[in-house]
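In: Structure, please.
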Amino acid sequence: QVQLVESGGGLVQAGGSLRLSCAASGRTLSGYAMGWFRQAPGKEREFVASINWSGGITYSGDSVSGRFTISRDNVKKTVYLQMNSLKPEDTAAYYCAAQMGLRLGISSIEYWGQGTQVTVSS
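Out: Predicted coordinates for the structure are as follows:
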């Protein structure tokens, strides 16, 4: 079994930065894509970014492209989300996710973290 534990969320002013981390425990996630979704109150869960096992293939949602960067360290079994130029509309619970393959699809996620809250004040 695999557990995903997020950290790094918090309160930040608009224009600021945060770095989220997601640490995986349990069996190796070789071949798995990992990444992030987010969900704001009253809204559907939204794709943010994903990265494949080797780190050579990344995808970002349109709303965060150019501001958020995803990376991973397979030795540490950790994926990171560097969030810059944060906006109030980035406020949401951010969930780490993993599934076998090159990218994430919300209906195919095999493992979810419990989420970390990011709040951006204006």
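In: Just want the most central residue of this protein.
Out: residue 36 (2.4 Å; Cα atoms, centre = their mean).
In: What's the separation between the residue nearest to that residue when sequence neighbours are not counted and residue 54?
Out: Of all residues not flanking residue 36 in the chain, residue 48 sits nearest, at 4.1 Å (Cβ to Cβ, 6 or more residues apart in numbering). The way it works is simple: take the backbone N, C-alpha and C, and place the C-beta from them, glycine included. According to Cβ to Cβ, to the nearest Å, residue 48 stands 20 Å off from residue 54.
In: Please apply the same query to residue 97.
Out: 18 Å.
In: hey, where'd the strands end up in this protein?
Out: Listed in chain order, the strands of the chain (DSSP state E) span 2-7, 10-13, 18-26, 32-39, 46-51, 58-60, 68-73, 78-83, 92-100, 111-112, 116-121.
In: could those be laid out in a markdown table, adding mean pLDDT?
Out: Shown next, in a markdown table, are those (pLDDT from 0 to 100):
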| stretch | mean pLDDT |
| --- | --- |
| strand 2-7 | 97 |
| strand 10-13 | 98 |
| strand 18-26 | 97 |
| strand 32-39 | 98 |
| strand 46-51 | 98 |
| strand 58-60 | 97 |
| strand 68-73 | 98 |
| strand 78-83 | 98 |
| strand 92-100 | 97 |
| strand 111-112 | 98 |
| strand 116-121 | 98 |
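In: so what's the spatially closest residue to residue 72 that is not a sequence neighbour up against?
Out: In this structure, residue 72 finds its nearest non-sequential neighbour in residue 79, 4.4 Å apart by Cβ to Cβ, 6+ apart. Listed by Cβ atoms under 8 Å, 6 or more residues apart in numbering, the contact partners of residue 79 are 21, 22, 24, 34, 35, 36, 51, 70, 71, 72, 73, 96.
In: For these, which single residue is the most surrounded?
Out: residue 36 (29 neighbours; other Cβ atoms under 10 Å).
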